[in-house]
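Participant: The amino acid sequence is not available; the structure is as follows:
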C-alpha cells in the first residue's frame, strides 16, 4: 500500500471556508478515490500555516518522527483550490519547494467531493 502525507490549508480548515476538516482527504486516501491511484496509508497529515514557511521543516519533522518516508505528498484540495488563493505561496510554488527539499513527488489535490 502506498504511504502518503497530506498537507491541508490551515486557514480554510480552521476558519470554515468550506473545508470541514481532514475527513474528506482521509476518506479519498483510504478508498483510493480522487487523485489517489489506489488505497493509500496516510502516515502524516498537517496544515500549512500562514505564511507557509514551516511546511518544509514540518514535512522533514514528520518523516523523522514517523521514521517513514512517504511515497508521495498530497496538497489537499482546499489548499490547491483555495478561493481566494493564498497571498503568500501558490500551490505550484509550494509543490516545488517540497519536491526540492524532500525529493518526493507532490500531487495537487486530494479529492473532488463537495
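Facilitator: Noted; the coordinates are in hand. Because the structure is predicted, anything quoted here is derived from the model rather than measured. Residues are numbered from 1 along each chain as shown.
Participant: And the strands in this protein, which stretches?
Facilitator: Under the criterion DSSP state E, the chain carries strands at the ranges 2-9, 40-48, 72-75, 106-108.
Participant: buried stuff in the helix or strand of the chain with the lowest mean pLDDT?
Facilitator: Within the chain, no helix or strand scores below helix 10-15, which has a mean of 80 by mean pLDDT, DSSP states H and E. Residues 10, 11, 12, 13 are the ones in helix 10-15 that count as buried (16 or more other Cβ atoms under 10 Å). C-betas here are computed from N, CA, C, even on glycine.
Participant: ok, back up a step: mean pLDDT, mean neighbour count and distance to residue 94 added to the strands of the chain, as TSV?
Facilitator: Putting the strands of the chain into TSV (pLDDT from 0 to 100; neighbours: other Cβ atoms under 10 Å; distance: least, Cβ to Cβ, whole Å) gives the following:
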stretch	mean pLDDT	mean neighbour count	distance to residue 94
strand 2-9	94	22	8
strand 40-48	91	19	7
strand 72-75	97	24	7
strand 106-108	97	18	8
